[in-house]
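Peer 1: I would like the atomic coordinates for the input below:
(chains A, B and C)
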Amino acid sequence: MFQIRVHGRGGQGVVTAAELLSVAAFSQGRHAQAFPSFGSERTGAPVVAFCRVDDAPIRLREPILDPDAVIVQDPTLLGQVDVFAGLRPDGYVLVNSTRTWAELGLTDLVRSLPAGHARIVPATALALEHVHRPVPNAALLGGFAALTGQLALAAVEQAIAARFPPRVAAGNVEACRAAFGLVTDQIGALR
Amino acid sequence: MTTRPVAFYQVGTFAVGNRLLGAEADTVQADAERTNSITSGHRACQGCGEALGARYVLDAAMRATEGSMVAVNATGCLEVFSTPYPESSWRVPWLHSLFGNAPAVAAGVAAALKVKGRAEVRVVGQAGDGGAVDIGFGCLSGMFERNDDVLFVCYDNQGYMNTGVQRSGATPPAARTATTPVVGDAPGNVFGQGKSAPLIAMAHEIPYVATATVADLRDLEAKVTRAMAMRGARYLHVLVPCPLGWGTAACDTIRVARLATESGFFPVFEAEHGEVVAVSPIRRQVPVVDYLRLQARFAHLFSPTVREDVIAAMQARADRNIRRFGLIGGEQ
Amino acid sequence: MRRQLEGSRAVALTVARCRPEVVCAYPISPQTHIVEALAELVRSGELTPCEYLNVESEFAAMSVAIGASAAGARAYTATASQGLLFMAEALYNASGLGLPIVMTVANRAIGAPINIWNDHSDAMSQRDSGWIQLYAQSNQEAADLHILGFRLAEQLSTPVMVCMDGFVLTHAVEEVELAEPSQVDAYLPPYQPRQVLDPAHPVSIGAMVGPEAFLEVRYLAHRTQLRALEVIPALAAEFGEVFGRPGPSLVSPYRTEDADLVVVALGSVLGTVQDLVDELRADGVRIGALGITAFRPFPVAAVRAALSYGQRLVVLERAFSVGGGGIVTPDVNAAVSGMDCPLTTVVAGLGGRPVTRASLRRLLADLPTDPLVFLDLDEAVVARELARTGGVS
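Peer 2: Model prediction:
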């Protein structure tokens, strides 16, 4: 089972991100479960969403306490919420930011993970470029696909295209693809 | 209104009798073939205004709909005295659910009939003042707001009579009830601002709102018939004296209801979409005190001393109704 | 067809395929997505003929359903928590009048203190209302229980409550094999009321019944509910034939045959428990789980048959009776009477606190002797509160 935890703030599409991960996995013939953790229902409040992916049917209902991957949609949460709590030693980290690991204060974390398991993606910038709205989730999903290899890009793109209204679907798919390319190149450069 | 005023002062207006009118002007009650929607054998008190009102209303509705009607009843006197298992005095399809939900249940019946393509079957909801003005108020308002296709009738005897004459939101000021007893400096019910369900119904801008009493059979039947010719939410508020609760003689039910209208204390009018369109004018105004004097629930206003101040305040209420609805001289 | 979708949506689509004729809606978290989806389906014409009423309260919602059902329409509504309580009077009315209304309850805690998260307090508080109560373990089961629920309700003239854990199931996106409309039509015939409001044959429904007959009315309702214990398996078997997958059963035993200890539970927590059972079994612990789907009527015989003499039982309760103890526990105890099964009541997950494998594992490794245990009780908070109030909370 591969467990993903997505952190962000209300209004950034965190819940949708988890849902799209599950839809993409489902379309690839795997079992997936996505669900949110609810705090107050207001824009800007910290939100967590979960997604489990497995080849066997998923019965477990508890929150993801030991994620294989953590996606951070909003880096202002760093230092406020323990977004990396329980992250597995061989886990993956994807952070939406234009800053460096040092600037984010996460060099120790990155060093503790296997090489290439932690990536920064300027997802908001990509979203603004391709969708003209600062909703970074689609781009981060592309980055996730490249980072972990858990999902095929095509499956993620298909899930995005089906979920968003036509007018923003294409842009979101482009942002996703761009992030995928970015992370693929970065990982390639590491090898 | 569809009645035609006829003056026969020599024999007394109310003794005209149907033989002097054309058959088409006969009341439903004069018809031997009337439904008798609530038939004899029920357990109402002698002189019960509500039993009378229900029969008048439902028989008129049955004629207006050619027998195609369902009644939904709130908990209260009418429901209790009419359906002591295993007997029922209802000859129409009849549903009783709870105290506070008759308007919502009626809305559900109407929705079901509509979805089943049987919208020619009409729905009449009925409740006492408790079930309409107090505990049923939320559901009543919801039904109005949705404009559900229901004629809702409130039989207003101005208190929770079935449970032992307790005060309701419709109880008039100064009235003695079991929870507004004649004790202390201000005996009887408080002088609040009142809660006019008809005016509230009008504020919902529903197609038809009317008030009536059991004293004027023709007027009541005409209003029911008029209402049943319309679709959407309609509200009829009928004053029905309760001999037990009001402390009136069983033979005085109709007389007391008439005094309520002739004094202006209970205004009789019709409204459509929030505007008054017709009133029953007062032909000979009587002082409110004549109305109060017949009712033991106001006895404390006359003994041991006459409470002129309270009676004057009651008269002021009646005067305000007369002014507000133009019940005398046609002013509105 | 297999789809990956939110539980609420799966339920709404399934309910729509059951062809409700009157749907009444009042919103409350976490049921809102169900009634919203149904509004769309009615507006778009996908669910037709159907009258959709937006009502002014949950009390009105159940009341509209009562009127609609008495007039011969298949009626449906959904609620949770405070809303269920607000319609409590109407629940008893619906069951007393023998109206086959089906309602989804998105299980949520009851305030005060206000809490929007999942536990079973709401439905449990209406345990005695005369409604059949069915609890879903997954969104697949939630969807399927509605189909079976309409059939069951109309066959027995008894209303049915389908319980699904709020947020945990309603807002979880997972795979569901959605029933085809043709399959549902094959399984669920049009509603034939036992009695109906009809000018052609007037009846009085809702008479006042005095001491001379009230007991008999209640006794007959009880007997009808008990008949459901036979009807549900029969309907489930038929479900299997029509839909090509097993229908819901009264109970679902998991690795109980040679278990020394069995965890008994209702609802979605069973998924977590089953995973834990597999983990502990791999460690050599002989443990099993027993899921109860039908809580009312309580399947005494089925529970008894699933358990063995001397088995240790842990009843995992998602609600409890303040001042008393467990609510499911007394029923389980009655079922295993004479079987010498030591039983511990574990109150867990109130107000949406997650029930985790780790906590259960710790608990089971060192099961207290107390008959009533509160999982993950924060002793520090309790102690602080007691100190603050001088020992009286």
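Peer 1: What residues of stretch C:325-335 count as buried?
Peer 2: C:326, C:327, C:328, C:329, C:331, C:332, C:333, C:335 (16 or more other CB atoms under 10 Å in any protein chain shown). C-beta: built from backbone N, CA, C; applies to glycine.
Peer 1: need those in CSV with secondary structure, distance to chain A and pLDDT, can you?
Peer 2: Shown next, in CSV, are the buried residues of stretch C:325-335 (DSSP: H, G, I helix; E, B strand; the rest coil; distance: CB to the nearest CB, whole Å; pLDDT from 0 to 100):
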residue, secondary structure, distance to chain A, pLDDT
C:326, coil, 21, 97
C:327, coil, 21, 98
C:328, helix, 18, 98
C:329, helix, 22, 98
C:331, helix, 23, 98
C:332, helix, 22, 98
C:333, helix, 26, 97
C:335, helix, 25, 98
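Peer 1: Go through those residues and say which is closest to residue C:75.
Peer 2: residue C:327 (27.9 Å; CB to CB).
Peer 1: ok, how many other residues are close to the closest residue to that closest one other than its chain neighbours?
Peer 2: In space, and not counting its chain neighbours, residue C:327 is closest to residue C:124: 5.0 Å by CB to CB, 6 or more residues apart in numbering or on different chains. Using other CB atoms under 10 Å in any protein chain shown, residue C:124 is surrounded by 23 other residues.
Peer 1: same deal with residue B:328?
Peer 2: Neighbour tally, residue B:328, other CB under 10 Å: 16.
Peer 1: Check residue C:8 too.
Peer 2: Neighbour tally, residue C:8, other CB under 10 Å: 28.
Peer 1: OK, contacts around the residue of chain C found nearest chain B?
Peer 2: Chain B sits closest to residue C:67 of chain C, with a gap of 2.6 Å, by CB to the nearest CB. Taking CB atoms under 8 Å, 6 or more residues apart in numbering or on different chains as the criterion, residue C:67 is in contact with B:72, B:95, B:97, B:104, B:105, B:106, B:107, B:108, B:109, B:110, B:111, B:112.
Peer 1: Would you pull up the residue in the stretch 151-300 of chain B closest to chain C?
Peer 2: Closest to chain C within the stretch 151-300 of chain B is residue B:162: 10.7 Å, counting by CB to the nearest CB.
Peer 1: Find me the pLDDT at the nearest residue to that residue once chain neighbours are set aside, would you?
Peer 2: Excluding the flanking residues, the one nearest residue B:162 by CB to CB, 6+ apart is residue B:77, at 4.2 Å. Residue B:77 is assigned 96 on the pLDDT scale.
Peer 1: I figured residue B:77 hits residue B:50, correct?
Peer 2: Yes. Using CB atoms under 8 Å, residue B:77 is in contact with residue B:50, at 5.7 Å.
Peer 1: Show me which residues of stretch A:160-172 are buried.
Peer 2: So, applying 16+ other CB under 10 Å, buried residues of stretch A:160-172: A:160, A:164, A:168, A:169, A:171, A:172.
Peer 1: Return the member of the residues you listed nearest to chain B.
Peer 2: residue A:164 (34.8 Å).
Peer 1: List the contacts of the closest one.
Peer 2: A:138, A:172.
Peer 1: what about residue A:53, helix or strand, and which?
Peer 2: strand A:46-54 (DSSP states H and E).
Peer 1: which residues touch that strand?
Peer 2: Applying CB under 8 Å, 6+ apart, the contact partners of strand A:46-54 are A:1-10, A:12, A:14-15, A:17-19, A:21-22, A:25, A:30-37, A:39, A:58, A:60, A:63-64, A:77, A:80-81, A:150-151.
Peer 1: so which of those residues are also by chain C?
Peer 2: Counting by CB under 8 Å from any CB of the partner chain, A:18, A:19, A:22, A:31, A:32, A:33, A:34, A:35, A:36, A:58, A:60, A:63 from the contacts of strand A:46-54 sit close to chain C.
Peer 1: Buried subset of these, written for ChimeraX?
Peer 2: The ChimeraX selection below is limited to those of these classed as buried (16+ other CB under 10 Å):
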select /A:18,19,22,31,32,33,34,35,36,58,60
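Peer 1: can you list the ones next to chain C among the contacts of strand A:46-54 in a markdown table and add distance to residue C:130, pLDDT and secondary structure?
Peer 2: Putting these into a markdown table (distance: CB to CB, whole Å; pLDDT from 0 to 100; DSSP: H, G, I helix; E, B strand; the rest coil) gives the following:
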| residue | distance to residue C:130 | pLDDT | secondary structure |
| --- | --- | --- | --- |
| A:18 | 40 | 98 | helix |
| A:19 | 38 | 98 | helix |
| A:22 | 39 | 98 | helix |
| A:31 | 39 | 98 | strand |
| A:32 | 40 | 98 | strand |
| A:33 | 35 | 98 | strand |
| A:34 | 37 | 98 | strand |
| A:35 | 33 | 97 | strand |
| A:36 | 35 | 94 | strand |
| A:58 | 36 | 98 | coil |
| A:60 | 35 | 98 | coil |
| A:63 | 36 | 96 | coil |
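Peer 1: list the buried ones in the lengthiest helix in chain B?
Peer 2: Counting by DSSP state H, the longest helix found in chain B is helix B:308-325. For helix B:308-325, the neighbour count (16+ other CB under 10 Å) marks B:310, B:311, B:314, B:315, B:317, B:318, B:319, B:321, B:322, B:324, B:325 as buried.
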